[in-house]
Every structure is written in C-alpha cells, then in structure tokens.
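Colleague: Need coordinates for the below:
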Amino acid sequence: MADFKSLQIAVLTVSDSRTEETDTSGKELVGMLESAGHALADKRIEKDDVYAIRATVSQWIADAMVDTVLVTGGTGFTGRDSTPEALMPLFDKVIEGFGELFRQLSFDEIGTSTIQSRAVAGLANGTLIFCMPGSTGACRTAWTGILQKQLDRRTRPCNFVELIPRFFE
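Modeller: I've put the predicted structure just below:
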C-alpha cells in the first residue's frame with residue numbers, strides 16, 4: 001500500500017460579504033484538510049471579481065509548493081457568481097467528473113436545487129483546483145464525498161495525488 005503524502009493546500013473563499021470572522025465555509029475546509037493530515041499553504045478571501053479570483057489562484061499555481069487549491073463560493077447563477085469564468089481559462093485539463101459527482105451527492109441533500117451548482121475542477125500547471133459552492137454544507141459534501149479520498153495517495157484504484165509533480169521529481 002502507498003504511503004500517505006501530506007499536501008500543501010490553499011483555500012480561497014469567494015464572497016462579497018464574508019470576513020475571516022464569518023467565513024464558516026473556509027474555516028470548515030481548513031479544519032477538514034488539517035484533520036486529514038494535510039497542511040494549509042495559504043488562505044484568502046476575495047471579492048467575487050473574475051480578475052481578483054484569477055490573480056490569487058494564478059499566484060498559487062505558479063508556486064511549486066502549492067499542490068491543491070480549494071475554492072468555495074461564486075459557483076451559483078447570480079449576477080456576481082464568477083468563479084468558473086475566472087478559473088476555467090487557467091485549466092490545462094478539466095476534471096468533468098468532479099462537478100458531476102458533486103451534484104449527484106448534493107442531490108441527496110438538497111434535491112433538484114443542486115442543478116444550480118456550477119462546481120468545477122481542473123488541473124493547472126500541475127496544481128489541482130476544486131471549486132465548490134459557498135455553503136458550509138456543500139464544502140462538507142465535497143470534502144467527505146470526494147476530496148478526502150481523492151487527495152489521499154492510498155485510495156485505489158486511482159487518486160489525484162498521483163498527478164502532483166513534486167512527488168515524482
């Protein structure tokens with residue numbers, strides 16, 4: 001069996017209204033990733049602005065020590081929701097199955113409202129990027145239902161850790 005590898009994970013909350021004190025989704029992601037044995041590389045809050053989101057994530061994907069980026073918020077259909085538009089142009093490859101599986105899991109919790117989720121994921125410059133809705137429940141669903149296992153090298157038959165360049169140099 002493969003050994004566990006601790007990942008360096010950055011967390012971005014996209015919100016026009018949340019602060020460090022009120023960012024329950026970002027805090028939940030940090031708590032879950034640390035409980036799983038990963039390290040927090042950085043944490044920020046950005047307004048729902050395409051260029052601010054893109055600039056922050058671009059810094060992280062240019063940093064060889066950031067393995068994964070978790071983004072919460074900005075994936076809905078309101079006029080200000082722009083996370084997919086901000087980040088999809090950065091992707092070298094899209095992970096279609098993330099959004100599909102997230103919506104399947106979410107359906108069991110919130111029913112047909114899950115159709116309004118534009119959860120997306122991709123790989124950019126060897127960095128994994130996962131974008132999920134801004135609710136704490138949605139972050140918990142994404143982490144426990146998908147990310148916790150896919151960010152664990154011991155998961156078989158495959159996992160995303162196997163794609164991170166710094167583990168194979």
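Colleague: which SS class is Cys131?
Modeller: Assigned by DSSP: H, G, I helix; E, B strand; the rest coil, the conformation of Cys131 is strand.
Colleague: With the one 10 residues further on instead?
Modeller: Using three-state DSSP, the structure places Thr141 in helix.
Colleague: What number of residues are in the vicinity of it?
Modeller: Taking other CB atoms under 10 Å as the neighbour definition, Thr141 ends up with a count of 22. For the C-beta atoms, the positions are set from N, CA and C on the backbone; glycine is no exception.
Colleague: what about Val11, which helix or strand?
Modeller: Val11 is located in strand 8-14, with elements delineated by DSSP states H and E.
Colleague: CA atoms of that strand as PDB?
Modeller: Coordinates of each C-alpha in strand 8-14 appear next as PDB, following Å, rounded to 0.1, in the frame of the first residue of the first chain:
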ATOM      1  CA  GLN A   8       0.100  21.800   0.700                       C
ATOM      2  CA  ILE A   9      -3.500  23.100   0.200                       C
ATOM      3  CA  ALA A  10      -4.600  26.700  -0.300                       C
ATOM      4  CA  VAL A  11      -8.100  27.800   0.400                       C
ATOM      5  CA  LEU A  12      -9.900  30.700  -1.300                       C
ATOM      6  CA  THR A  13     -13.300  31.900  -0.200                       C
ATOM      7  CA  VAL A  14     -15.000  34.000  -2.900                       C
END
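Colleague: hmm, who's touching that strand?
Modeller: Judged by CB atoms under 8 Å, 6 or more residues apart in numbering, the contacts made with strand 8-14 from elsewhere in the structure are 23, 25-26, 29-30, 33, 38-48, 53, 56-57, 60, 65-74, 83, 134, 151.
Colleague: ok, and for the longest helix along the chain, which residues are buried?
Modeller: Counting by DSSP state H, the longest helix found in the chain is helix 96-110. Of the residues in helix 96-110, 98-99, 101-103, 105-106, 110 count as buried by neighbour count, 16 or more other CB atoms under 10 Å.
Colleague: what about the strands in this structure?
Modeller: With DSSP state E as the definition, the chain shows strands at residue ranges 8-14, 39-46, 68-72, 93-94, 120-124, 127-132.
Colleague: Quick one: mean pLDDT over the strand holding Val11.
Modeller: In this model, strand 8-14 has a mean pLDDT of 98.
Colleague: between it and strand 127-132, how big is the angle?
Modeller: Calculated by axes from the mean of the first three to the mean of the last three CA atoms, to 10 degrees, strand 8-14 forms an angle of 40 degrees with strand 127-132.
Colleague: Tell me, please, where in this structure the pLDDT is lower than the cut-off.
Modeller: Low-confidence regions of the chain, defined by pLDDT under 70, span residues 1, 169.
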